[in-house]
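>>> coords please:
(one chain, ligands or ions: 2)
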Amino acid sequence: MNDACIFCRIVAGSIPATVVASNEQALAFKDLHPQAPVHVLVIPRRHVASLATADDPAELGAVMALAAQVARDAGLPASGYRVVTNIGNDGGQTVGHLHLHVLGGRAFSWPPG
Ligand code: AMP
Ligand code: ZN
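Residues are numbered from 1 along each chain as shown. Ligands and ions are numbered 1, 2, ... in the order given. Predicted coordinates for the structure are as follows:
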């Protein structure tokens with residue numbers, strides 16, 4: 001637990017979040033500023049700064065599996081959806097705790113901006 005990290009505080013339950021799913025190693029909750037009809041963040045319970053420093057394949061698997069479960073629970077696979085993780089400044093990362101964005105319910109363009 002990193003006391004300065006907002007997502008660690010969500011894992012600890014000391015700040016509120018709308019949790020939609022979880023497993024032993026990962027937690028999924030609604031993004032505070034949704035960019036699509038479905039916008040859920042999936043994080044490891046353990047503090048990991050980003051994919052760049054992730055070092056536990058089992059933990060990454062748990063995070064990825066939970067993202068797929070969130071999408072299934074929201075009925076997204078039929079129409080398609082997007083899973084994104086931003087890394088560092090150029091990647092547009094604003095919260096320094098690894099998170100997957102699960103985005104769905106509308107069409108997305110490519111390449112991203
Ligand atoms: P990123 O820019 O990839 O680091 O994404 C960080 C995301 O976290 C943004 O989409 C924010 O809207 C979201 N966010 C920040 N604080 C919270 C919070 N307390 N609860 C839920 N989502 C949050
Ligand atoms: Zn953290």
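
>>> So for the longest helix that the chain contains, what gets flagged as buried?
Counting by DSSP state H, the longest helix found in the chain is helix 57-73. Of the residues in helix 57-73, those with enough neighbours to count as buried (16 or more other Cβ atoms under 10 Å) are 59-60, 62-63, 66-67, 69-71. Heads up, the C-betas are built off the backbone N, CA and C, glycines and all.

>>> mind listing what the strand ranked longest in the chain pairs with, with the direction of each?
The longest strand of the chain (DSSP state E) is strand 38-44. Using DSSP bridges, the strands paired with strand 38-44 are strand 26-30 (antiparallel), strand 100-104 (antiparallel).

>>> Let's have the ones you listed in CSV, adding mean pLDDT, mean neighbour count and distance to ligand 1.
Shown next, in CSV, are those (pLDDT from 0 to 100; neighbours: other Cβ atoms under 10 Å; distance: least, Cβ to the nearest ligand atom, whole Å):
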stretch, mean pLDDT, mean neighbour count, distance to ligand 1
strand 26-30, 98, 21, 6
strand 100-104, 98, 22, 6
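
>>> Out of the ones you listed, which is closest to residue 13?
strand 26-30 (10.3 Å; Cβ to Cβ).

>>> who's in contact with that closest one?
For strand 26-30, the surrounding residues in contact (Cβ atoms under 8 Å, 6 or more residues apart in numbering) are 10-11, 17-22, 39-45, 59, 62-63, 65-67, 69-70, 102.

>>> Format the CA atom coordinates belonging to that strand as PDB.
The C-alpha trace of strand 26-30 is given here as PDB (Å, rounded to 0.1, in the frame of the first residue of the first chain):
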ATOM      1  CA  ALA A  26      -7.500  -7.200  -8.800                       C
ATOM      2  CA  LEU A  27     -10.300  -4.700  -8.400                       C
ATOM      3  CA  ALA A  28     -12.700  -3.100 -10.900                       C
ATOM      4  CA  PHE A  29     -14.500   0.200 -10.300                       C
ATOM      5  CA  LYS A  30     -16.300   2.900 -12.400                       C
END
